[in-house]
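Peer 1: I'll drop the sequence and a predicted model, then ask my questions.
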Amino acid sequence: MLISNVLPKWNLVELSFVQDAVAATQTAAALNPQGAHGVVLDNVGITMPEEGYIVGISLNLSAASTNGTLTVVPTIDTTVVTQPSLAVTTAVVGSKFVPRATNHFAKHAVIGAKLTTTGTWTAETMDLYVSVWVALKIPKI
């Protein structure tokens with residue numbers, strides 16, 4: 001039996017962004033990347049080593065809101081993409097995926113996420129964890 005050490009052409013990679021105590025009335029607020037051991041960085045995104053596509057976004061809140069809406073969207077070089085966009089009201093989890101060819105990014109693009117909350121958002125003591133999912137092209141090595 002032959003065993004090969006081969007990487008697929010595309011790999012699904014999670015990029016993590018967080019905010020604690022999610023306040024009401026935020027408009028396109030940049031979320032910060034989650035670092036090792038809970039460290040939150042001041043950067044507005046993560047630089048991609050190769051080209052790829054944003055294919056999805058998911059979120060997890062530490063508790064539910066009773067009113068208002070929270071919306072998260074991915075960014076490419078701080079520019080919001082139109083899809084996927086994910087909005088929740090009383091849910092604590094959610095996800096949305098799009099076809100791979102929807103949001104292409106170039107090598108060294110900075111991928112991030114932005115958050116908008118309505119003025120009636122009531123989960124101001126809750127914490128938010130957002131995953132931006134990218135299909136990252138693996139070059140021939």
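Peer 2: Arrived safely, thanks for sending.
Peer 1: contacts, neighbours, all on C-alpha from now
Peer 2: Will do.
Peer 1: for the chain, which spans come out with low pLDDT?
Peer 2: The chain contains residues with pLDDT under 70 at 1-7, 36-40, 141.
Peer 1: make it 80
Peer 2: Along the chain, segments meeting pLDDT under 80 span 1-8, 35-41, 123-124, 140-141.
Peer 1: Break down it into its strands, ranges please.
Peer 2: 10-19, 29-30, 32-33, 46-47, 52-61, 70-76, 79-80, 86-88, 93-97, 103-105, 110-117, 128-137 (DSSP state E).
Peer 1: TSV for these, including mean neighbour count?
Peer 2: Below are the strands of the chain laid out as TSV (neighbours: other CA atoms under 10 Å):
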stretch	mean neighbour count
strand 10-19	18
strand 29-30	19
strand 32-33	23
strand 46-47	16
strand 52-61	23
strand 70-76	24
strand 79-80	16
strand 86-88	18
strand 93-97	16
strand 103-105	18
strand 110-117	23
strand 128-137	22
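Peer 1: residue contacts, Gln19?
Peer 2: Leu31, Asn32, Asp127, Leu128, Tyr129 (CA atoms under 8 Å, 6 or more residues apart in numbering).
Peer 1: Out of those residues, flag the one nearest to Ala91.
Peer 2: Within these, distances to Ala91 taken as CA to CA reach their minimum at Leu128, with 12.0 Å.
Peer 1: any idea how far Gln19 is from that closest one?
Peer 2: To Gln19, Leu128 is 5 Å away according to CA to CA, to the nearest Å.
Peer 1: And for Thr89?
Peer 2: 17 Å.
Peer 1: The nearest residue to Thr25 once chain neighbours are set aside: neighbouring residues, count only.
Peer 2: In this structure, Thr25 finds its nearest non-sequential neighbour in Gly119, 4.4 Å apart by CA to CA, 6 or more residues apart in numbering. Gly119 has 13 neighbouring residues, counting by other CA atoms under 10 Å.
Peer 1: Next, the contact list for Gly119, please.
Peer 2: Counted by CA under 8 Å, 6+ apart, Gly119 has contacts Ala24, Thr25, Gln26, Gly68.
Peer 1: For Ala135, state which of these is nearest.
Peer 2: The shortest gap between Ala135 and any of the contacts of Gly119 belongs to Gln26, at 28.9 Å (CA to CA).
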